[in-house]
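[1] return a 3D structure for these sequence lines:
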Amino acid sequence: MRTMIQKLKKTDIVKLLKEYREIVKKDYIDKFNVFTITSDLYYRENYHSDILAAFLRHKDEDTGKYILLETFIEMMNASKKKHSGKSIEFYSKPVIEREEHRIDILIKDENTNHCIIIENKINDAVDMYRQLPGYYETMNDKNNYHVDAVVYLTLLPDKIPDRNGWDKDDSQKIESCLIPISVVNIKNEISLLRNWVDPCLNNIQDEEVKYTLSQYKTLLEKLSNNMSKLEKGKELDNAIREDSENKTMLTDLLALREMMNLLPETMADNLKEVLSKVDSSIRLTKWQPNSCVINLGNENAIYVYCELTDKSAYKVGVADFTKEDRIPSWMTTTETQCKLQCFTDKKKSSDRNDGEKYEFGYFEKNDVIEFIKHVISIYRKQYPTKE
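    Predicted structure coming up:
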């Protein structure tokens, strides 16, 4: 095992694992979120386009300004120095259309004949043949609009437009107004979250719009994090394929994964062995492969579930099986609670008393053994006669 870890440290794989771990740290448990619960919808491109268009249409009732649209144009202006600034004055009476001329989002002002084309690729859809040049020609050549920008909106910055079928003239026209913007950008470059969502959240006065936008931000962060994990997986796959030493390391990694999968069961076996030496009179059984049950007597028991966390941990509970696994009465006395108070700061999670079981959260190995010994001593004072 030690040799395996030492070999891993000498490869690029360990660097990828560290980077992946940093991404995982950003994961969180979703609170109620109207966007994430519609999981069958948010993988569709038009879902995001509908939402973005609705935000861009919002007009502040007090000031009469299109704050979200203005902030979007400010983000565009900041994204590339080679592009001249797009004046919000061209869009004093904006019309935001969905799927007009098959364009995902079209921002236009019919009085000034200026427009902005937004091509939404947040869900990584492929480009159609000459898609961007086709949109440009439709608005500029056929409808006499000045195309201020073609915003190519992606989840991560590595996706670029497919130039298949573009001629020299296409490239010149599109490159002159193309503005790629990704939802996130780890290089601290312009991104939708940093340069549009966050400023809007700071400036919007309408609480309903602000709350809705904050919920949408959560969804974008979730999607970006999922995509980043996949990208690291691709890097790992490439690292293994391109290096013969890494190919050999793959066998070790698979063995390590198998060992980790078995670790909770191993933890339970080790705990059972240690406890049998602590007190030979207690009866130890296993309810599940990763569990250790200490039968106290009178159908009372301490149960321990071994789980893998950032630190291997033991979840402990106490139950009275004669009362449908409810809390033993001797565990609820003030005296008992005082005696167990010393373990409060050592737990890795809070107590849970739901009327059925009493769970004391997660402990590390040394602490869980001391805790179990403590509970056993309390029980035996309550029931001195051996059953």
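[2] any buried residues in stretch 102-121, and which?
    Buried residues in stretch 102-121, counting neighbours by 16 or more other C-beta atoms under 10 Å, are found at 103-109, 112, 114-121. Backbone N, C-alpha and C define where each C-beta goes, glycine included.
[3] let me know the closest of those residues to residue 74.
    Relative to residue 74, the closest of the buried residues of stretch 102-121 is residue 116; by C-beta to C-beta it sits at 12.7 Å.
[4] and what about the closest one, helix, strand or coil?
    Three-state assignment for residue 116 (DSSP: H, G, I helix; E, B strand; the rest coil): strand.
[5] and what of residue 124?
    Recorded secondary structure, residue 124: coil (three-state DSSP).
[6] returning to what we had before: pick out the most distant pair among the buried residues of stretch 102-121.
    Largest separation among these by C-beta to C-beta: 112 and 121, giving 27.6 Å.
[7] which residue ranges make up each domain of this protein?
    Split into domains by automatic domain parsing, the chain comes to 26-237, 264-382.
[8] pass me the low-pLDDT residue ranges in the stretch 251-387 of the chain, would you?
    Along the stretch 251-387 of the chain, the model assigns pLDDT under 70 to residues 251-253, 309-312, 322-327, 332, 335-361, 385-387.
[9] one more pass at 80, please.
    Counting by pLDDT under 80, the stretch 251-387 of the chain has low-confidence residues at 251-260, 278-282, 286-287, 298-299, 307-313, 319-366, 382-387.
[10] now do the strands in it.
    With DSSP state E, counting those that start in this stretch as the criterion, the stretch 251-387 of the chain has strands at 283-285, 291-297, 300-307, 313-320, 352-353, 358-363.
[11] include mean neighbour count and distance to residue 271 when you put those into CSV, please.
    CSV is the format used below for the strands of the stretch 251-387 of the chain (neighbours: other C-beta atoms under 10 Å; distance: least, C-beta to C-beta, whole Å):
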stretch, mean neighbour count, distance to residue 271
strand 283-285, 13, 9
strand 291-297, 20, 5
strand 300-307, 21, 6
strand 313-320, 22, 7
strand 352-353, 12, 21
strand 358-363, 21, 11
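[12] need those in a markdown table (columns: distance to residue 53).
    Putting the strands of the stretch 251-387 of the chain into a markdown table (distance: least, C-beta to C-beta, whole Å) gives the following:
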| stretch | distance to residue 53 |
| --- | --- |
| strand 283-285 | 61 |
| strand 291-297 | 53 |
| strand 300-307 | 45 |
| strand 313-320 | 47 |
| strand 352-353 | 45 |
| strand 358-363 | 46 |
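[13] how about the helices in the stretch 201-350 of the chain?
    Taking DSSP state H, counting those that start in this stretch, the helices of the stretch 201-350 of the chain run over residues 207-242, 244-278, 334-340.
[14] thinking again about what came up before, can I get the domains of the chain in JSON lines with distance to residue 255?
    Output for those, formatted as JSON lines (distance: least, C-beta to C-beta, whole Å):
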{"stretch": "domain 26-237", "distance to residue 255": "16"}
{"stretch": "domain 264-382", "distance to residue 255": "14"}
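[15] between the ones you listed, which one is closest to residue 256.
    Comparing these by C-beta to C-beta, domain 264-382 comes nearest, at 12.9 Å.
[16] for that closest one, measure first residue to last.
    End-to-end distance for domain 264-382, by C-alpha to C-alpha, to the nearest Å: 32 Å.
[17] in which helix or strand would I find the closest residue to residue 95 other than its chain neighbours?
    Spatially, and ignoring its direct neighbours in sequence, residue 95 is nearest to residue 108 (5.4 Å; C-beta to C-beta, 6 or more residues apart in numbering). Assignment of secondary structure by DSSP states H and E places residue 108 within strand 105-109.
[18] outside of that strand itself, list whatever touches it.
    Strand 105-109 has contacts (C-beta atoms under 8 Å, 6 or more residues apart in numbering) with 49, 52-53, 56, 69, 90-98, 100, 114-118, 120, 139, 145.
[19] where do the helices of the stretch 1-150 of the chain begin and end?
    Here the stretch 1-150 of the chain has its helices, by DSSP H, counting those that start in this stretch, at 2-9, 13-25, 45-57, 67-79, 131-137.
[20] that older thread, buried ones only from the contacts of strand 105-109, please, as a PyMOL command.
    Under the burial definition 16+ other C-beta under 10 Å, those of the contacts of strand 105-109 that qualify are selected in PyMOL by:
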select buried, resi 49+52+53+56+69+90+91+94+96+100+114+115+116+117+118+120+139+145
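[21] show me where pLDDT drops low in the stretch 1-150 of the chain?
    The low-confidence ranges in the stretch 1-150 of the chain, as defined by pLDDT under 80, are 1-45, 80-87.
[22] mind giving me the packing neighbours of the helix or strand hosting residue 169?
    With elements taken from DSSP H and E, the one containing residue 169 is helix 168-175. Packed against helix 168-175 by the contact rule (3 or more C-beta pairs under 8 Å, 6 or more residues apart in numbering; DSSP states H and E) you find helix 131-137.
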